[in-house]
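A.B. asks: Fold the following and give me the result.
(chains A, B, C and D)
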Number of protein chains: 2
Amino acid sequence: MVKPSLLQVLKELALLGGIENKIEISSMELARQIQTSQQTASRQLLELDAQGCIIREMGIKKQRIQITERGVDQLKQEYAAYQQIFALPDTIHFTGSVVSGMGEGRYYTEQRGYADQFKEKLGFVPYPGTFNVEIEQVEKNKLKILRSYKGIMIEQFTAKHRTFGGVQCFHAAIEHQPVVLVLPLRSHYSKILEFISPEHLRKSLDVDDGDAVAIVIQL
Amino acid sequence: MVKPSLLQVLKELALLGGIENKIEISSMELARQIQTSQQTASRQLLELDAQGCIIREMGIKKQRIQITERGVDQLKQEYAAYQQIFALPDTIHFTGSVVSGMGEGRYYTEQRGYADQFKEKLGFVPYPGTFNVEIEQVEKNKLKILRSYKGIMIEQFTAKHRTFGGVQCFHAAIEHQPVVLVLPLRSHYSKILEFISPEHLRKSLDVDDGDAVAIVIQL
DNA sequence: ATTACTAGGAGGCGAGTAA
DNA sequence: TTTACTCGCCTCCTAGTAA
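C.D. replies: Predicted structure coming up:
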């Protein structure tokens, strides 16, 4: 990973057209652009060169610099991060590890009140039980964003003298396999994400407790 | 201006949803995200706070962080730079200072062969002479990009036993006043940009030699 | 648990200068 | 003119630890 200050230099070179063309720029000129000394500019060019982010043709008067594919990749990665921030994304990504629930998932998914709505609004009756993934503490912040979206609403209902709460659902993918995220409207602030699917996910994903999985939520 | 490493931290907070929400994150968790020590994470949060880029609610257990408007502005600025790089822009920006030509501009603009084509392809006959702006050495790199676009082509012609070369034209603006950039196909690599306009630009812009002007070229 | 201070050390910076 | 080395300085980092 290239360090932030070098990325700034690379960005400056890209703004001057260094992705498409070889650009002519002396270390002194570059120093002015990035508000530093000629020595630092020179050293940073050497570092970028050493890391394979740029190639240089050293002329007798001026050097000609072009950004390499690797350099462009670094910039694209940064651009992608900013797109996630500002280009209101249609997906939210999590990573987490598979955990076992305590069997309550099965109790809930088998309630007719839920199962009938799943069939109607999602198009399938879930395999009994939920597939549980524990996320990092920091990623709980993203859950707040998720809750601000409507998703697919499963209404609350009453059965056996108790009330079963409403549920927010989102189409999602775990390791590219389509699933549905189930977010109870109550019991906020859990670190466990619960998923349902027509299939037995533990088997079809071939995972076990502790395995890391990549999750993409569709908004 | 906030330093690059702090911007990285701000970006990370934004990715966790810190623009919309107050996010809960300990300095230790942040340290893991940005691959540094708890102490550095803590210090960087203090710096971002001091610079007014974030506000913090210090709880007894965890702090709650939200990015301020100023913080968002910093990120947007960075995003804009990357858009310039990757989202193939429809404008190119220059800054330069007004200079006097040596009167040759007048000789050329008054040639019928040029004037007729200007009238036909640009819709006006230029005020005699060209308005000249000298750009920085580094910005000459952007000229290469410009030359790769077609622009509006003024064809070469022969008169008085000599050939007058073809010219590439671009709609542009100097300090928001519409003008046309004239780029001779020969005589590359000049630091002087020549502009024409139906008006007397020196007068209507109220500028003199040495004055700095901002230029936007329309591609 | 937290956050954040202090102290000491690593590394980045620019002045001077060689090639 | 260039680029880029050495060297001294100073910032920034992390470990230890207080609150």
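
A.B. asks: Next to DNA strand D, which bits of chain A? Give me the list.
C.D. replies: Residues of chain A lying close to DNA strand D (CB under 7 Å from any atom of the strand) are A:26-28, A:38-39, A:42-43, A:45-46, A:58, A:61-63. To be clear about C-beta, it is placed using only N, CA and C from the backbone, and glycine gets the same treatment.

A.B. asks: Recalculate using a threshold of 10 Å.
C.D. replies: Applying CB under 10 Å from any atom of the strand, we find that chain A lies next to DNA strand D at A:4, A:24-31, A:37-46, A:49, A:56, A:58-65.

A.B. asks: How is chain A divided into domains?
C.D. replies: Domain assignment for chain A by automatic domain parsing gives A:4-86, A:91-218.

A.B. asks: do the last one and chain B meet?
C.D. replies: Translated: domain A:91-218. Yes: Domain A:91-218 lies within reach of chain B by CB under 8 Å from any CB of the partner chain, at A:136-142, A:144-145, A:148.

A.B. asks: Give me the distance between that domain and the centre of its chain.
C.D. replies: With CA atoms, centre = their mean, to the nearest Å as the basis, domain A:91-218 stands 18 Å off its chain's centre.

A.B. asks: other SSEs contacting the longest helix belonging to chain A?
C.D. replies: Across chain A, the longest stretch assigned as helix under DSSP state H is helix A:69-86. Counting contacts by 3 or more CB pairs under 8 Å, 6 or more residues apart in numbering or on different chains; DSSP states H and E, helix A:69-86 is packed against helix A:4-15, helix B:4-15, helix B:69-86.

A.B. asks: Which strands and helices lie in contact with the second one?
C.D. replies: Using 3+ CB pairs under 8 Å, 6+ apart as the contact test, the elements touching helix B:4-15 are helix A:4-15, helix A:69-86, helix B:27-33, helix B:38-50, strand B:63-67, helix B:69-86.

A.B. asks: thinking again about what came up before, tell me which of the residues of domain A:91-218 next to chain B fall in helices.
C.D. replies: Per DSSP H, the residues of domain A:91-218 next to chain B map to helices at A:140-142, A:144-145.

A.B. asks: now A:P128, what's its secondary structure?
C.D. replies: coil (DSSP: H, G, I helix; E, B strand; the rest coil).

A.B. asks: correct me, but it touches A:R106?
C.D. replies: Yes: at 4.9 Å, A:P128 counts as touching A:R106 under the criterion of CB atoms under 8 Å.

A.B. asks: closest to DNA strand C out of the domains of chain A?
C.D. replies: The minimum distance between DNA strand C and these falls on domain A:4-86, with 3.0 Å, by CB to the nearest atom of the strand.

A.B. asks: So is that closest one next to DNA strand C?
C.D. replies: Yes: using CB under 10 Å from any atom of the strand, domain A:4-86 reaches DNA strand C at A:5-6, A:8-9, A:31, A:34-44, A:47.

A.B. asks: Would you write a PyMOL line that selects the buried entries of these?
C.D. replies: Burial among those is assessed by 16 or more other CB atoms under 10 Å in any protein chain shown; the matching PyMOL selection reads:
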select buried, chain A and resi 5+6+8+9+31+34+40+41+42+44+47
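
A.B. asks: Leaving out chain neighbours, which residue sits closest to A:L45?
C.D. replies: A:S27 (6.5 Å; CB to CB, 6 or more residues apart in numbering or on different chains).

A.B. asks: Geometric centre of chain A: which residue is closest?
C.D. replies: A:H93 (3.3 Å; CA atoms, centre = their mean).

A.B. asks: Please read off the pLDDT at that residue from the model.
C.D. replies: Here the pLDDT value assigned to A:H93 is 91.

A.B. asks: helix/strand/coil for it?
C.D. replies: Once three-state DSSP is applied, A:H93 turns out strand.

A.B. asks: Which pLDDT value goes with the closest residue to it other than its chain neighbours?
C.D. replies: Of all residues not flanking A:H93 in the chain, A:V216 sits nearest, at 5.6 Å (CB to CB, 6+ apart). What the model reports as pLDDT for A:V216 is 95.

A.B. asks: now swap in A:L45 and tell me
C.D. replies: At A:L45, pLDDT is 94.

A.B. asks: how about it, what does it touch?
C.D. replies: Residues in contact with A:L45 (CB atoms under 8 Å, 6 or more residues apart in numbering or on different chains) are A:9, A:27, A:30, A:54, A:56, A:63, A:65.

A.B. asks: Emit the PyMOL select command for whichever of these are buried.
C.D. replies: In PyMOL syntax, the buried subset of those is picked out as below (16+ other CB under 10 Å):
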select buried, chain A and resi 9+27+30+54+63+65
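
A.B. asks: Between all of the contacts of A:L45, which two are separated the most?
C.D. replies: Every pair in the contacts of A:L45 was compared (CB to CB); the two farthest apart turn out to be A:V9 and A:Q63, at 13.9 Å.
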